[in-house]
Every structure is written in C-alpha cells, then in structure tokens.
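**Q** prediction below, plus the sequence it came from.
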Amino acid sequence: MAEYFFKQQFPHLFISSAGISGLTGHPADDKAIHCMDRLNIDMRPHVARKLNADLIKKANLILVMSNNQQVHLEQTWPFAKGKTFRLGHWQNRNVQDPYQHDQAFFDQTCLNIQSYVQDWASHI
C-alpha cells in the first residue's frame, strides 16, 4: 500500500517495494486492493518480491514498517544504515502487519500508511 501511495504522490520518482519475508511472486492481498480501490488507487499490478542486497544498494531511501525491521535490515546489510527509516518515523509509530487480519484492520492500516506517506512529502 505504501508503494502505491508514494507512486501517486511522487509520480516522477522510481518507487518500488520488497518484503523481508512473504510470498514472492504473489499479488497484493485482496483486502489491501479493496482498501486502495476505495481511494481510487489500483494496486492490482503489484507482485511481491523479496528484499536483497542489490535492491538496498540501489535505493536512496528505504522505508520499513517497524523498529524490528529496521534493526534486521541494518544488521543483515550494514550498508543500509543511514538510509533506512520507519515509514511512521515522523509520528514515531510502527505499522502493524495486517496480514491475516480482517478488513477493518486492513482499512485502519491503510489509513495509517496514507498518513505516514504524507509526512514524508516535505522530506523527499
């Protein structure tokens, strides 16, 4: 969801997402698609992929969902330090993973992510 909010806000930038774990090659969760559809954002083209060293090296900024993810990235790939931040950095918040939760949880997560993306606008 964050990738598509950023793409909407910064269409001139190359924005991409990858997960630390998860199902590589799979589409976005139907509940995420439903939430984004209500905001007129189509994320059906999304295909999950796994984060790797090459993606980190190419990135100017890496946004993760939680403190734990940030620590994991920086320990696994020390060269990620200094360009890895939480999406909710400016509100000092983590994003809870909505996977296997109900639609209401996805909807709230979607709104939180949208808010956090807006916070980054003046920093990108």
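**A** Nice, I can see it.
**Q** from now on I want contacts and neighbour counts done on CA atoms only, so please keep to that.
**A** Fine.
**Q** for the residue of the chain positioned farthest from its centre, what are phi and psi?
**A** Going by C-alpha atoms, centre = their mean, the residue of the chain most distant from its centre is P78, 20.2 Å out. Note on P78: its backbone torsions stand at phi -50, psi -30 [degrees, to the nearest 10].
**Q** number the residues from 162 up from this point.
**A** Sure thing, new numbering starts at 162, so read that last one as P239.
**Q** any idea how far it lies from A214?
**A** Computed as C-alpha to C-alpha, to the nearest Å, the P239 to A214 distance reads 10 Å.
**Q** if I look at P206, how far off is F266?
**A** 23 Å.
**Q** likewise for D203?
**A** D203 is 19 Å from F266, where distance means C-alpha to C-alpha.
**Q** kindly report the same for H284.
**A** Plainly put, H284 is 28 Å away from F266 if you go by C-alpha to C-alpha.
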